[in-house]
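> okay, here's the prediction I keep looking at, along with the sequence it came from:
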Amino acid sequence: MTNNLNITGFCKIRNNNIILDDKLLYSENEVVTSFEFLKKSYKHFNINYPKFFKMDNLSKLGFLTTEILINQYSNIKNISPEKTAIVLSNSSSSLDTDLAYNESIKDDTNFFPSPSVFVYTLPNIMIGEICIRHKFTGENVFFVSDKFDKKLIFNHVNNLFLLSNVEYCITGWVEFLKNSYESFVCIVKKSNENDLKNCIFDEENLLNIYKK
């Protein structure tokens, strides 16, 4: 059994570009690091969330992508917090931060391990900050897979709508490793006959939008 679900909008960040529903919102042509790009993007969109600067790179990327998307689709803010779920995934979990910590301890002559590296890390911290920011209390989960897994995401999101009272689900892929990054986050909700501009939530559409 399946639901009648729609993808109502999406946001992607890759190659120093931020795209919302196929529209380029922000681009950085100068040669900057991924960290600098995320910081510039945060300031460009006038986001006010000081804890952003304490997050690790993965959390910054996921938070920023979701923030831009939710601000565009404000209807999601008007439903009960427990009816919004979050399902995200990537291939390296929080390895980017683990590698940074390893760099701080591998040299015996320059040994400077810092617990602050792990203040904001791990994928579930990223989801947690999104939930705190928007007061979401619905189910959430983070999967680790070799690549973007359309079947895994589709099946889990579809089951959430079948088995719970979810009305919206924020889902997608958020990857950050060694200055290489990409994010794709979309909003899924139950279809409405008036939502003619939206596309059906299925594996093919999910993959096509991700690859655009």
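Yes, it's here. Residues are numbered from 1 along each chain as shown.
> CA atoms for contacts and neighbours, from now on please.
Noted.
> show me where the protein has its helices.
Along the chain, counting by DSSP state H, helices occupy 34-44, 57-72, 95-105, 123-134, 150-163, 203-211.
> can you list these in TSV and add mean pLDDT, distance to Cys186 and mean neighbour count?
Output for the helices of the chain, formatted as TSV (pLDDT from 0 to 100; distance: least, Cα to Cα, whole Å; neighbours: other Cα atoms under 10 Å):
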stretch	mean pLDDT	distance to Cys186	mean neighbour count
helix 34-44	94	19	16
helix 57-72	93	8	22
helix 95-105	61	24	15
helix 123-134	85	14	18
helix 150-163	96	11	17
helix 203-211	95	9	15
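> how much space separates the spatially most central residue of the chain from Asn17?
Nearest residue to the geometric centre of the chain (Cα atoms, centre = their mean): Gly62, 3.5 Å. In this view, Gly62 and Asn17 are 14 Å apart by Cα to Cα, to the nearest Å.
> ok, back up a step: right, so of the helices of the chain, which gets closest to Gly172?
helix 150-163 (7.5 Å; Cα to Cα).
> contacts for the closest one, please.
Helix 150-163 is contacted by residues 2-3, 87, 166-167, 169, 171-172, 201-204, 206-207 when judged by Cα atoms under 8 Å, 6 or more residues apart in numbering.
> and it, how far out from the chain middle?
Taking Cα atoms, centre = their mean, to the nearest Å, the mean C-alpha location of helix 150-163 is offset from the chain mean by 17 Å.
> kindly export that helix (C-alpha atoms) in CSV.
The C-alpha coordinates for helix 150-163 follow below in CSV (Å, rounded to 0.1, in the frame of the first residue of the first chain):
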residue,chain,number,x,y,z
LYS,A,150,16.3,6.5,-3.6
LYS,A,151,14.7,3.2,-2.6
LEU,A,152,15.7,3.5,1.1
ILE,A,153,14.4,7.1,1.4
PHE,A,154,11.2,6.4,-0.5
ASN,A,155,10.3,3.3,1.5
HIS,A,156,11.0,4.9,4.9
VAL,A,157,9.2,8.2,4.2
ASN,A,158,6.2,6.4,2.7
ASN,A,159,6.0,4.1,5.7
LEU,A,160,6.0,7.1,8.0
PHE,A,161,3.0,8.5,6.3
LEU,A,162,1.3,5.1,6.4
LEU,A,163,2.0,4.3,10.0
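> between that helix and helix 203-211, how big is the angle?
120 degrees (axes from the mean of the first three to the mean of the last three Cα atoms, to 10 degrees).
> burial of Ile47, as a residue count?
13 (other Cα atoms under 10 Å).
> what's the spacing between it and Lys40?
With Cα to Cα as the criterion, Ile47 and Lys40 are 11 Å apart.
> picking that back up, now for the helices of the chain, which one comes closest to Ser80?
The nearest among these, by Cα to Cα, is helix 123-134 at 11.0 Å.
> now do that closest one: which elements does it pack against?
Contacts defined by 3 or more Cα pairs under 8 Å, 6 or more residues apart in numbering; DSSP states H and E place helix 123-134 against helix 57-72, strand 140-144.
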